[in-house]
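Engineer: Here is a sequence with its predicted model. Questions after.
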Amino acid sequence: MDVGRVIGNVWATKKDENLNGQKLLAIKILLDKEHERDGFVVASDIVGAGVGDLVLISHGGGARHAVGNSKAPIDSAVVGIVDSIEVLDYE
Amino acid sequence: MDVGRVIGNVWATKKDENLNGQKLLAIKILLDKEHERDGFVVASDIVGAGVGDLVLISHGGGARHAVGNSKAPIDSAVVGIVDSIEVLDYE
Amino acid sequence: MDVGRVIGNVWATKKDENLNGQKLLAIKILLDKEHERDGFVVASDIVGAGVGDLVLISHGGGARHAVGNSKAPIDSAVVGIVDSIEVLDYE
Amino acid sequence: MDVGRVIGNVWATKKDENLNGQKLLAIKILLDKEHERDGFVVASDIVGAGVGDLVLISHGGGARHAVGNSKAPIDSAVVGIVDSIEVLDYE
Amino acid sequence: MDVGRVIGNVWATKKDENLNGQKLLAIKILLDKEHERDGFVVASDIVGAGVGDLVLISHGGGARHAVGNSKAPIDSAVVGIVDSIEVLDYE
């Protein structure tokens, strides 16, 4: 999975009917606490995330299981709102 | 999913018969409002998108479900025409 | 899917028996009309493509459906020979 | 699969219920013995790995099989703790 | 698929039991005859490849079919030992 920051919403009136009712979020993937990857992904939201939230994103079949429809025409879903990432030092 | 800009059509007379009747679009993936990723992807169109349209693309199994044939020999499909990407500032 | 240029053949005597009889092509993925991505992929050919041909490549489950064996040990297949990519200007 | 170094834990209270009880680890993917890839991935842990451990990560459907739930909303799982990577010279 | 060079073995005592008995190889992916991609992948070997061999690697579901267990917790498998890659010039 990836951790990313929600930056906005994606609106598409003309779309696959199996996307109806799905909230589509634009998300930048985190590289570390200060940097983000170029570009953004779009994911279906199932946990009620909003702009600015740090979220956990699952891709592929895992995303379709998350929205409860293994035939959904999606490849990414927000499956959690991240409280914290506890990065520890180690030898 | 990705958001991309349709830049053209891909024509292939000699192809897998399960691709017959499918409209194949060449699409550049958006990095942000001014930049696009190097290269392009080819996706089957199910929403009637045209050159210049901003579209939502799904990859993998999600694409095959979108064209209504889980055995289709494809890995990307246009599943929506994007009206807008509402990117908001956040703290 | 990707569009790529066939650059050669890959020969492997010792291989998974489910690859027997499959023609394996080495293909460079096109970035645009003048540039290609670093590296190459290997794909099973089902449309009779040859060296120099511009081809359409499908990845993942779509590739296995293309060769007609959803249990094939492959992840890429040539599913079409590209006649042309019609890239149009747009506002 | 990838080999990576566990750098921390990811905590998410609000999440897909199928993630309940799963330990989520933040992992940097190894490029070689001295370098790591930019960014990190999040994987479900099924072997009891801890921070600093060198682990084997499987992605996609393989990850869902590893956690014993092919409908799990995940795309990566830690499937082994690496004892050693024996890299040998060759002509 | 990818072509890669076997550089070593990966040993993991504590692992998913479905990995028991599987030989795990560390492999660098070839970009061309002189260059390799950064990093390495780990793949299950089903053709008896050894260090220094040039091998054909399949990813995703194709890899699981190759090891004969569609529920295997893997995402890459060595499915052939490459005799030669015949790259030809073309106009």
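Structural biologist: In hand now; what should we look at? Residues are numbered from 1 along each chain as shown, chains lettered A, B, ... in the order given.

Engineer: Briefly note if the helix or strand where residue A:79 lies comes near chain C.
Structural biologist: Using DSSP states H and E, residue A:79 sits in strand A:76-81. No. For a cut-off given as Cβ under 8 Å from any Cβ of the partner chain, strand A:76-81 has no contacts with chain C; the smallest distance is 15.1 Å. For glycine as for every other residue, the C-beta is placed from the backbone atoms N, C-alpha and C.

Engineer: How about stretch A:37-57?
Structural biologist: No. Interface with chain C: stretch A:37-57 contributes nothing (Cβ under 8 Å from any Cβ), its closest point being 15.8 Å away.

Engineer: picking up where we left off before, ok, then the element right after the strand holding residue A:79?
Structural biologist: Where DSSP H and E defines the elements, the next helix or strand beyond strand A:76-81 is strand A:84-87.

Engineer: pull the longest strand from chain A.
Structural biologist: The longest strand of chain A (DSSP state E) is strand A:2-11.

Engineer: elements contacting that strand?
Structural biologist: With contacts defined as 3 or more Cβ pairs under 8 Å, 6 or more residues apart in numbering or on different chains; DSSP states H and E, strand A:2-11 has these neighbours: strand A:23-29, strand A:41-45, strand A:54-59, strand B:84-87, strand D:41-45.

Engineer: can you do 7 Å?
Structural biologist: With contacts taken as 3 or more Cβ pairs under 7 Å, 6 or more residues apart in numbering or on different chains; DSSP states H and E, strand A:2-11 sits against strand A:23-29, strand A:54-59, strand B:84-87, strand D:41-45.

Engineer: For chain E, which of those is the nearest?
Structural biologist: The closest of the helices and strands packed on strand A:2-11 to chain E is strand D:41-45. By Cβ to the nearest Cβ, the value is 11.1 Å.

Engineer: tell me the average confidence for the closest one?
Structural biologist: For strand D:41-45, mean pLDDT is 98.

Engineer: picking that back up, ok, and what's touching the longest strand of chain A?
Structural biologist: In this structure, residues lying in contact with strand A:2-11 by Cβ atoms under 7 Å, 6 or more residues apart in numbering or on different chains are A:24-30, A:36, A:40, A:42, A:49-57, A:82, A:85, B:3, B:56, B:82-88, D:10, D:41-42.

Engineer: same thing with stretch A:14-29?
Structural biologist: A:2, A:4-10, A:36-37, A:40-45, A:49, A:55, A:57, A:67, A:69, A:72-73, A:78, B:46-47, B:56, B:66, B:79-81, B:85, B:87.

Engineer: Surely residue A:70 touches residue A:64?
Structural biologist: Yes. Contact status for residue A:70 versus residue A:64: in contact at 5.0 Å, counting by Cβ atoms under 7 Å.

Engineer: of those two, who's got more company?
Structural biologist: Applying other Cβ atoms under 10 Å in any protein chain shown to residue A:70 and residue A:64 shows that residue A:64 carries more neighbours, namely 26 against 14.

Engineer: and the more buried one, that one's in a strand?
Structural biologist: No. Going by DSSP: H, G, I helix; E, B strand; the rest coil, the assignment for residue A:64 is helix, not a strand.

Engineer: For the closest residue to chain C within chain A, report the pLDDT, please.
Structural biologist: Using Cβ to the nearest Cβ, the single residue of chain A nearest to chain C is residue A:60, 9.0 Å away. For residue A:60, the model assigns a pLDDT of 94.

Engineer: For residue A:50, which non-adjacent residue is spatially closest?
Structural biologist: residue A:6 (6.4 Å; Cβ to Cβ, 6 or more residues apart in numbering or on different chains).

Engineer: which residue packs closest to residue A:57, ignoring adjacent ones?
Structural biologist: Looking at residue A:57 with Cβ to Cβ, 6+ apart, the closest residue is residue A:2, at 4.8 Å.

Engineer: same thing with residue A:53?
Structural biologist: Among residues not flanking residue A:53 along the chain, residue A:6 sits closest, at 4.9 Å (Cβ to Cβ, 6+ apart).

Engineer: Dig out what that neighbour forms beta bridges with.
Structural biologist: residue A:27 (DSSP bridges).

Engineer: Please report how far the closest residue to chain E within chain A lies from chain D.
Structural biologist: Nearest to chain E in chain A, going by Cβ to the nearest Cβ, is residue A:60, at a distance of 9.0 Å. Noted for residue A:60: a distance of 5 Å to chain D, by Cβ to the nearest Cβ, to the nearest Å.

Engineer: quick one, what contacts that residue?
Structural biologist: So residue A:60 contacts A:75, B:60, D:60, D:75 (Cβ under 7 Å, 6+ apart).

Engineer: how about 6 Å then?
Structural biologist: B:60, D:60, D:75 (Cβ atoms under 6 Å, 6 or more residues apart in numbering or on different chains).

Engineer: now residue A:37
Structural biologist: Contacts here follow Cβ under 6 Å, 6+ apart; on that basis residue A:37 touches A:29, A:31.

Engineer: per-residue confidence at it?
Structural biologist: The model's pLDDT for residue A:37 equals 95.

Engineer: For it, grab phi and psi.
Structural biologist: phi -70, psi 150 (degrees, to the nearest 10).

Engineer: ok, now how distant is it from residue C:87?
Structural biologist: 27 Å (Cβ to Cβ, to the nearest Å).

Engineer: before we move on, back to that, now restrict the contacts of stretch A:14-29 to buried residues only.
Structural biologist: Taking 16 or more other Cβ atoms under 10 Å in any protein chain shown as the criterion, what is buried in these is A:2, A:4-10, A:36, A:40-45, A:49, A:55, A:57, A:67, A:72-73, A:78, B:46-47, B:56, B:66, B:79-81, B:85, B:87.

Engineer: Quick one, grab the pLDDT at the closest residue to residue A:71 other than its chain neighbours.
Structural biologist: Nearest in space to residue A:71, with sequence neighbours left out and distances taken as Cβ to Cβ, 6+ apart, is residue B:65 at 4.4 Å. For residue B:65, the pLDDT comes out at 91.

Engineer: Now do residue B:65 against residue C:58, distance only.
Structural biologist: Distance, residue B:65 to residue C:58, using Cβ to Cβ: 15 Å.

Engineer: more crowded one of the two?
Structural biologist: More neighbours surround residue C:58 than the other of residue B:65 and residue C:58, with 30 against 23 (other Cβ under 10 Å).

Engineer: who does the more buried one bridge with?
Structural biologist: residue C:77.

Engineer: what about chain A, any weak spots by pLDDT?
Structural biologist: A:89-91 (pLDDT under 70).

Engineer: Now with 80, please.
Structural biologist: A:88-91 (pLDDT under 80).

Engineer: wait, residue A:55 sits on residue A:79?
Structural biologist: No. At 8.2 Å, residue A:55 does not count as touching residue A:79 under the criterion of Cβ atoms under 6 Å.
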